[in-house]
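Colleague: Sequence first, then the predicted structure, then my questions.
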Amino acid sequence: MQLEPSRRAASGTAPPNCATTAWRLRRDDGACHLPDLGIVYDSGFRLAIEVELHRKEPDRVRAILRSYRDRIDHGTINGVSYVTTKPAVDRLVRRHAEQALLGKSRSIGTLDAVITRTRQHTTHGDRPEPTT
């Protein structure tokens, strides 16, 4: 498994055109978005990680999730996992993930839940199983 921090994670901002990373998303509003972290498992499974500590505008969340749907449909990313800390943020992401038809390509949960799932995958196999 390889961890691939996005360029945003290193610098705090996205590259101007986002063209330098395989993880870039182009939102339907024209803006660029990078996940907080990318994981490439030995099997080739590519998982984007988003850490949502604060509530974003619903339109922005919707645009990001639709972009993930597009990347998943094209096979360049296999899934997205959202780590949330607040119930309101969790509900917002879940609602828009359902609208974006992400289905089993996404997982959403608290940091504790993500740590537990990650430990299970480390001992039981390489590819993460999506959960709600």
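Modeller: Thanks, I have it.
Colleague: Quick check: bridge partners of Y82?
Modeller: Partner residues in beta bridges with Y82, using DSSP bridges, are E50, I108.
Colleague: Give me the neighbour count for it.
Modeller: The number of residues packed near Y82 is 26, by other CB atoms under 10 Å. The C-beta positions use only the backbone N, C-alpha and C, and glycine is treated the same way.
Colleague: Likewise for the one 4 residues further on?
Modeller: Neighbour count of K86, defined by other CB under 10 Å: 13.
Colleague: which residues in this structure form helices?
Modeller: The residue ranges that make up the helices of the chain, judged by DSSP state H, are 7-11, 58-73, 87-99, 111-124.
Colleague: Can you tell me which of the ones you listed is most buried?
Modeller: helix 58-73 (a mean of 19; mean count of other CB atoms under 10 Å).
Colleague: quick one on the thing from earlier: could you dump the helices of the chain into CSV and include mean pLDDT and distance to S81?
Modeller: Compiled in CSV, the helices of the chain are given as follows (pLDDT from 0 to 100; distance: least, CB to CB, whole Å):
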stretch, mean pLDDT, distance to S81
helix 7-11, 48, 15
helix 58-73, 89, 11
helix 87-99, 87, 11
helix 111-124, 71, 7
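Colleague: Nearest to V80 among the ones you listed would be which one?
Modeller: For these, proximity to V80 was assessed by CB to CB; helix 58-73 is nearest, at 4.8 Å.
Colleague: tell me what the closest one is packed against?
Modeller: Helices and strands in packing contact with helix 58-73 are listed as strand 25-26, strand 32-33, strand 79-84, helix 87-99; criterion 3 or more CB pairs under 8 Å, 6 or more residues apart in numbering; DSSP states H and E.
Colleague: any chance of these in TSV, plus distance to A48?
Modeller: Formatted as TSV, the helices and strands packed on helix 58-73 follow (distance: least, CB to CB, whole Å):
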stretch	distance to A48
strand 25-26	8
strand 32-33	10
strand 79-84	5
helix 87-99	13
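Colleague: for those, which one sits closest to R46?
Modeller: Closest approach to R46 among those (CB to CB): strand 79-84, 7.8 Å.
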